[in-house]
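[1] Attaching a predicted model along with its sequence, questions to come.
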Amino acid sequence: MIVHQFYDKGLAHASYAVIRTGKMIVIDPARNPQPYYDFATQHDADIVGVIETHPHADFVSSHLEIHETTNAIIYCSRLTGATYPHETFDDGDTIQLNDIKLKAINTPGHSPDSICILVEDENGNEKAIFTGDTLFVGDVGRPDLRENVGNITAKKEELAKQMYHSTRHKLMTLPKNVVVYPAHGPGSLCGKNMSPDLESTIGRELRENYALQIMDEFTFVKNLTTDQPFVPHYFGYDVDLNKTGAQAFKQSVDAVVRFKSETPLEKDITIIDARPKQQFRNGHLHGAINLQDGDKFETWLGSLLKPDEPFYLIAENQDAINTLIKKAAKIGYETNIKAALVTPLGATEISANLDLDKFRANPDDYHIIDVRNVSEVNEGLVFKNAIAIPLPELRGRLNEIPVDKPIVVHCAAGYRSAAASSIIAAKIQQTPVFDLGEAVVAMMAVNS
């Protein structure tokens, strides 16, 4: 038996291939199916099945495209309410992959329709479990993403109770040597306490996972419903999209319109300028948001823009455009791109430059906007009088920013503040708006 993990660092997403004597099953595939086709070819295997542990919120799956390309059967819980061709896969159901078995275990908690997949080897020994977003290394899945979306909705407290019983009665009773393969690693917004390790064992999780320690249901629910990360705008959209199945990846990416630099842009359409910060500062279109390319570009794109919001995408060259369109497609936002283009003509607006010495000497002469996440701010403000507005909330809370003094924006390292300062500067023009950028790192060190 071959188990191979495919890992997308940008979304902290892990998908899997299981191969046994020439037959392959894919579990929780990413939007681009090509890596699974390549792996099957490499091992002279036929893809015969795709299993979805639940309709994912944080990425778009290629399950439907793989089915249409290979005739592989899609398996998912009957509770998913899937509208794509599929076979239900719930408690008591098994998939025979030559002489090994994949068994479904219903594990509601992260979502009402979550399943895990237990693998039995040719001798009937329980060897591995694919836990989706139910069990992570060091954590369990957050319970607050299905209150308003999906075939079945449930309040976070109810799902947290279900997670308590799923872990106690179904996962924690497995043999300690069973290998745990989760769908996410550190940096994912589907949990709050994930280890940097990308696989584990039941025994290790029993020892080290805070959520699997001895506690009553009330304490568990309180722990699980507290201090979860923010929820990006795109999460509910992706749940519904994965319930129906997305269009083919390459076809959808290739359909995005490419403009020449001199092509005029429509007014009142959001502009995402993904060029490096200094290029943006030296000249950009009025109103553009400097969301730079980086490991988390797609997460922040789906956190700032709503799923029905069209936008222009600007990058420094054609290679960057192609990369960014593919990243947008990972969350289903490629269809929102009005057009993509290299630095357009008329990008002449220049960002204000902060006099760091003057700011360090007299920080009270500025309104300071802290755009870090709530959990970061709760650990302490960098500047005592700062106004805390998390970046995902900023576009809706600009009226909370006073304009009687110059404005300085900061995050924890400079990436989010570049986006935030461009958002604020586009709307507040009666006073300078400055990005503290990477200089905040040294200031945080002094204040710690």
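    Arrived safely, thanks for sending.
[2] Sketch out the low-pLDDT regions of the protein for me.
    The model of the chain has pLDDT under 70 over residues 447-448.
[3] From residue 417, how far out is the residue of it most remote from its centre?
    Residue farthest from the centre of the chain, counting by Cα atoms, centre = their mean, is residue 361 at 39.2 Å. Residue 361 is 20 Å from residue 417, where distance means Cβ to Cβ, to the nearest Å. In this view, the C-beta of every residue, glycine as well, is placed from N, C-alpha and C.
[4] ok, now residue 141?
    30 Å.
[5] do the same with residue 217
    Distance, residue 217 to residue 417, by Cβ to Cβ: 41 Å.
[6] these two touch, right, residue 179 and residue 201?
    Yes - taking contacts as Cβ atoms under 8 Å, residue 179 lies within contact range of residue 201: 5.7 Å.
[7] Against which helices or strands is the helix or strand where residue 339 lies packed?
    Using DSSP states H and E, residue 339 falls within strand 337-342. Judged by 3 or more Cβ pairs under 8 Å, 6 or more residues apart in numbering; DSSP states H and E, the packing partners of strand 337-342 are strand 311-315, helix 318-330.
[8] change it to 10 Å
    Under the contact criterion of 3 or more Cβ pairs under 10 Å, 6 or more residues apart in numbering; DSSP states H and E, strand 337-342 touches strand 270-273, strand 311-315, helix 318-330.
[9] Residue 217 and residue 417: which has the busier surroundings?
    Taking neighbours as other Cβ atoms under 10 Å, residue 217 and residue 417 compare with residue 417 leading, 29 against 12.
[10] Looks to me like the more buried one is in a helix.
    Yes - under DSSP: H, G, I helix; E, B strand; the rest coil, residue 417 sits within a helix.
[11] before we move on, the earlier item: can you pull the buried residues of the helix or strand just after the strand holding residue 339?
    The helix or strand immediately downstream of strand 337-342 is helix 356-361, counting by DSSP H and E. Within helix 356-361, the residues scored as buried using 16 or more other Cβ atoms under 10 Å are residue 359.
[12] give me every residue that touches residue 117.
    Residue 117 makes contact with 16, 18, 25, 27-28, 51, 53, 75, 89, 95, 102-105, 128-132, 181, according to Cβ atoms under 10 Å, 6 or more residues apart in numbering.
[13] ok, the closest residue to residue 363 other than its chain neighbours - how many residues close by?
    Leaving aside its sequence neighbours, residue 363 sits nearest to residue 383 (Cβ to Cβ, 6 or more residues apart in numbering; 5.9 Å). Neighbours of residue 383 under the rule other Cβ under 10 Å: 18.
[14] need the contact list for residue 383.
    Listed by Cβ under 10 Å, 6+ apart, the contact set of residue 383 reads 363, 364, 366, 368, 369, 370, 408, 410, 436, 440, 443, 447.
[15] which among those residues gets closest to residue 231?
    Residue 231 lies nearest to residue 370 out of these, by Cβ to Cβ, at 20.1 Å.
[16] Could you pull up phi and psi at that closest one?
    As for residue 370, its main-chain torsions (degrees, to the nearest 10) stand at phi -100, psi 110.
[17] quick revisit: quick one: residues contacting the residue farthest from the centre of the chain.
    residue 355.
[18] And residue 95, by the same measure?
    With contact taken as Cβ under 10 Å, 6+ apart, residue 95 is in contact with 18, 25, 48-49, 51, 73, 75, 87, 89, 101-104, 117, 119.
[19] go on, residue 394?
    Applying Cβ under 10 Å, 6+ apart to residue 394 gives the contacts 304, 369, 371, 400, 401, 409, 416, 419, 420, 423, 424, 427.
[20] Need the buried ones from those residues selected in PyMOL.
    To isolate the buried ones among those in PyMOL, judged by 16+ other Cβ under 10 Å, type:
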select buried, resi 304+369+371+401+409+416+419+420+423+424
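[21] Relative to residue 274, which of the contacts of residue 394 is nearest.
    Proximity of the contacts of residue 394 to residue 274, judged by Cβ to Cβ, is greatest for residue 419, which lies at 10.1 Å.
[22] any chance you could map the helices in this protein?
    For the chain, the helices defined by DSSP state H cover 34-42, 63-70, 156-166, 202-208, 217-224, 234-244, 249-254, 277-282, 297-304, 318-330, 356-361, 374-378, 415-427, 439-447.
[23] Same list (those helices) but as TSV, adding distance to residue 145.
    Shown next, in TSV, are these (distance: least, Cβ to Cβ, whole Å):
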stretch	distance to residue 145
helix 34-42	26
helix 63-70	19
helix 156-166	8
helix 202-208	22
helix 217-224	12
helix 234-244	6
helix 249-254	24
helix 277-282	32
helix 297-304	13
helix 318-330	18
helix 356-361	40
helix 374-378	17
helix 415-427	22
helix 439-447	31
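[24] Tell me what angle the strand holding residue 339 forms with strand 311-315.
    For strand 337-342 against strand 311-315, the angle by axes from the mean of the first three to the mean of the last three Cα atoms, to 10 degrees is 20 degrees.
[25] among the contacts of residue 95, which two are most distant?
    The widest separation within these (Cβ to Cβ) is 18.1 Å, between 87 and 119.
[26] between these two, who's got more neighbours?
    Neighbours per residue (other Cβ under 10 Å) separate residue 87 from residue 119, with residue 119 holding more: 24 against 13.
[27] Okay, the closest residue to the more buried one other than its chain neighbours and residue 340: tell me how far apart.
    Counting by Cβ to Cβ, 6+ apart, the nearest residue to residue 119 once its immediate chain neighbours are dropped is residue 128, at 4.4 Å. Using Cβ to Cβ, residue 128 is found at 41 Å from residue 340.
[28] ok, now residue 84?
    Using Cβ to Cβ, we find residue 84 at a distance of 29 Å from residue 340.
[29] Give me the more crowded residue out of these two.
    A direct count of neighbours by other Cβ under 10 Å for residue 84 and residue 340 places residue 340 higher, at 24 against 17.
[30] Is the more buried one in contact with residue 321, as I believe?
    Yes - counting by Cβ atoms under 10 Å, residue 340 does reach residue 321; the two are 4.8 Å apart.
[31] Which neighbours do these two have in common?
    Counting by Cβ under 10 Å, 6+ apart, the common neighbours of residue 340 and residue 321 are 256, 258, 259, 274, 313, 314, 315.
[32] Could you export these to CSV, including columns for neighbour count and distance to residue 150?
    Conversion of those to CSV gives the following (neighbours: other Cβ atoms under 10 Å; distance: Cβ to Cβ, whole Å):
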residue, neighbour count, distance to residue 150
256, 21, 28
258, 15, 35
259, 18, 37
274, 25, 31
313, 27, 29
314, 30, 34
315, 22, 34
